[in-house]
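**Q** Fold the following for me, if possible:
(2 chains)
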Number of protein chains: 2
Amino acid sequence: MSLLVTGSIGIDTVKTPHGSADDVLGGTAVYFSFAARHFTSVRLVGVVGDDFPEKHRAILARREIDLAGLETRAGSKTFRWSGNYHGAMNEAETASVSLNVLAEAGPKVPAAFADSEFVFLANTHPVLQRELLSQLTSPKLTVCDTMNLWIDNERDELLKTLSMVDGIIINDAEARQLTGCINFVDVGEALLSLGPKFAVIKKGEHGALLVTADGPTAIPAFPTKMVIDPTGAGDSFAGGVLGYLAECGAHDTAALRRAIVRGTICSSFAIEGFSLDRVLQIGRADIDKRVREFTGMLRIE
Amino acid sequence: MSLLVTGSIGIDTVKTPHGSADDVLGGTAVYFSFAARHFTSVRLVGVVGDDFPEKHRAILARREIDLAGLETRAGSKTFRWSGNYHGAMNEAETASVSLNVLAEAGPKVPAAFADSEFVFLANTHPVLQRELLSQLTSPKLTVCDTMNLWIDNERDELLKTLSMVDGIIINDAEARQLTGCINFVDVGEALLSLGPKFAVIKKGEHGALLVTADGPTAIPAFPTKMVIDPTGAGDSFAGGVLGYLAECGAHDTAALRRAIVRGTICSSFAIEGFSLDRVLQIGRADIDKRVREFTGMLRIE
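**A** Residues are numbered from 1 along each chain as shown, chains lettered A, B, ... in the order given. Now for the predicted structure:
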């Protein structure tokens, strides 16, 4: 089924204990799309400035990624983020952020995308998330992410958005902050009470927890020594989850459990290099192979 | 096969966000034994003072726990620990600790226990761990735990002990401290380089990681809302692991993977009440039922 993502397209500068990368392609919608594309074609909706480098545009140009919703706004500058990771690299320390074009009006959903069935609203202002949602005629599954900024400053708007989506994929610290709960099963149930029918709590190196009306499912991260740059891990995870669900055309608990395994594996590749370095080297066969390895690891009688 | 544990038998006072318990039965060997007893009979080696309450002794008196190695030392006082847990309760904050009899000479292994095949050396001074080990005639599997105190102050003795055991079960922070590694697969491999053939890193609410020559296995914690008191979770885990291995008479990677599931489930019960409150209510059928629930949760195609 058709899959649409809206989110950021950015220029990142990242430093980790393993090295650094300057002015590389990043952004939530980018990482999401490069994971989801292995499962289904992706409709990307986002906006960049007229400073967006040609070399980054060339990376985005993939058969499975429809760029009809990529607006290049004259006179505006592309979103930029710079961050550092230390130690276990569980959290990015933001060095600088320039919203630039993301602080302006949101992108429009092209008419050809209006019938999108599976939809991921990556982190952005909750009003903008609803504005994007309102341009879709027949969504079958809508899922959003959010961040501490909106939890702190736009709580009412965020709750309104949450009451309108089918699912939320959110990181652990922000999920605790949003719900006021500590135990992650409590956190998940509190998220469901806000509207979504499922909640996925991302715990970085500790894996993910899915909570639905059928109860909780805990999935560890794929155990690997190759952690070069965690940037985009969460969005690659979401891309694998939504991509797989759109491929199946399902979103029951069983499908969600399988989808989380795919998301886990997509993020395990994303962190093996800076920017999209590693992601660009792999194909569906690599994902399927690691999925088998991972589900085999978890199959214990 | 026969299973021997040596460790502390203590009187605990614990405060958590869910309440408190004063002067209750605790100690590493106690929690270990009450988990392991579901799988095999347990030979307990430990020492208490003559102040050890009769009511605690009555709790210990179980058909499956052989107390021939429980020494009551006249003129000595029982080990006491008092601690508090906050927030996610991942770490105990020690309020006070009185080593008492644990600061004196270690207990002796009774002649009838000398032929023990499976052995768990709970956390204590690494010299004492070796002294206990030296009293065994034909151990088939020896596993130890340790703590920050010995990592800091008795590193050489600890390394000597590690070079003599088959496995280590250790918590995440201490494993990082001992190895100097951050990534847990690196941590596990560094532990193997010190002697043990397997390492199990306990990550509290985030589960456990097994590392053997066959590679890593990540297992999440059993997802539950019922977390009343985490005291003894790690030793209950170890008791489930060793108890199951002794029952199987095996310790290959496949057996270890199954054992870690049993350890996970034993610890999930231990944290559902203060002291042994919950542990005393359950039988093997309860463990087996939750094991099926847990392995079912992890079975994803």
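
**Q** Please make it C-alpha for all contacts and neighbour counts, starting now.
**A** Noted.

**Q** Pull out the buried residues from stretch A:284-295.
**A** A:287, A:290-291, A:294-295 (16 or more other CA atoms under 10 Å in any protein chain shown).

**Q** how much distance is there from it to the middle of the chain?
**A** Counting by CA atoms, centre = their mean, to the nearest Å, stretch A:284-295 is centred 20 Å from the centre of its parent chain.

**Q** cool, stretch A:54-62 as well?
**A** 19 Å.

**Q** Strands - which of the buried residues of stretch A:284-295 land there?
**A** Taking DSSP state E, every one of these sits outside strands.

**Q** quick one: which of these is nearest residue B:201?
**A** Closest to residue B:201 out of the buried residues of stretch A:284-295 is residue A:294 (18.7 Å), distances taken as CA to CA.

**Q** Let's see the pLDDT reported for the residue lying closest to that closest one once chain neighbours are set aside.
**A** Closest residue in space to residue A:294, ignoring its immediate chain neighbours: residue A:222 at 6.7 Å, by CA to CA, 6 or more residues apart in numbering or on different chains. Among the per-residue scores, residue A:222 holds a pLDDT of 98.

**Q** can you check residue A:237 too?
**A** 98.

**Q** so it touches residue A:32, yeah?
**A** Yes. Between residue A:237 and residue A:32 there is a contact at 7.4 Å, judged by CA atoms under 8 Å.

**Q** In the stretch 1-150 of chain A, which residue sits nearest chain B?
**A** Relative to chain B, the nearest point of the stretch 1-150 of chain A is residue A:88 (5.8 Å; CA to the nearest CA).

**Q** Can you report how many residues neighbour that residue?
**A** 14 (other CA atoms under 10 Å in any protein chain shown).

**Q** for the one 10 residues further on, same thing?
**A** The burial count assigned to residue A:98 is 15, neighbours taken as other CA under 10 Å.

**Q** Tell me who's in contact with it.
**A** Residue A:98 makes contact with A:79-81, according to CA atoms under 8 Å, 6 or more residues apart in numbering or on different chains.

**Q** go with 6 Å
**A** Residues near residue A:98 by CA atoms under 6 Å, 6 or more residues apart in numbering or on different chains: A:79-80.

**Q** Roughly how far does it sit from residue A:72?
**A** 17 Å (CA to CA, to the nearest Å).

**Q** coming back round to it: can you tell me the SS state at the residue nearest to residue A:294?
**A** What DSSP: H, G, I helix; E, B strand; the rest coil gives for residue A:222 is coil.

**Q** Look at it and say how many residues are nearby.
**A** Residue A:222: 25 neighbours (other CA under 10 Å).

**Q** Against residue B:173, how distant is it?
**A** From residue A:222 to residue B:173 the distance is 20 Å (CA to CA).

**Q** Give the burial count for the nearest residue to residue A:74 once chain neighbours are set aside, as a bare number.
**A** Once flanking residues are discounted, residue A:74 sits nearest to residue A:50: 5.3 Å by CA to CA, 6+ apart. When neighbours are counted by other CA under 10 Å, residue A:50 registers 15.

**Q** same question, residue A:43
**A** Counted with other CA under 10 Å, residue A:43 comes out at 27.

**Q** And the next helix or strand past the helix or strand where it lies?
**A** Following DSSP states H and E, one finds residue A:43 within strand A:42-49. The first helix or strand that comes after strand A:42-49 along the chain, using DSSP H and E, is helix A:54-60.

**Q** immediately after that next one, which helix or strand?
**A** By DSSP H and E, the next helix or strand past helix A:54-60 is strand A:65-73.

**Q** for that following strand, packing partners?
**A** strand A:42-49 (3 or more CA pairs under 6 Å, 6 or more residues apart in numbering or on different chains; DSSP states H and E).

**Q** got the angle for the strand it packs on vs strand A:65-73?
**A** Here strand A:42-49 points in a direction 20 degrees away from that of strand A:65-73 (axes from the mean of the first three to the mean of the last three CA atoms, to 10 degrees).

**Q** helices and strands around strand A:42-49, which ones?
**A** Against strand A:42-49 (3+ CA pairs under 6 Å, 6+ apart) you get strand A:3-6, strand A:65-73.

**Q** Show residues contacting stretch A:65-77.
**A** Residues contacting stretch A:65-77 (CA under 6 Å, 6+ apart): A:41-51, A:100-101, A:110.

**Q** okay but residue A:167 is in contact with residue A:143, surely?
**A** Yes. Assessed by CA atoms under 6 Å, residue A:167 is found in contact with residue A:143 at 4.5 Å.

**Q** Contact residues of the stretch 151-300 of chain A facing chain B?
**A** Applying CA under 6 Å from any CA of the partner chain, we find that the stretch 151-300 of chain A lies next to chain B at A:182, A:185, A:206, A:220, A:225, A:298-299.

**Q** Thanks again, I'm all set now.
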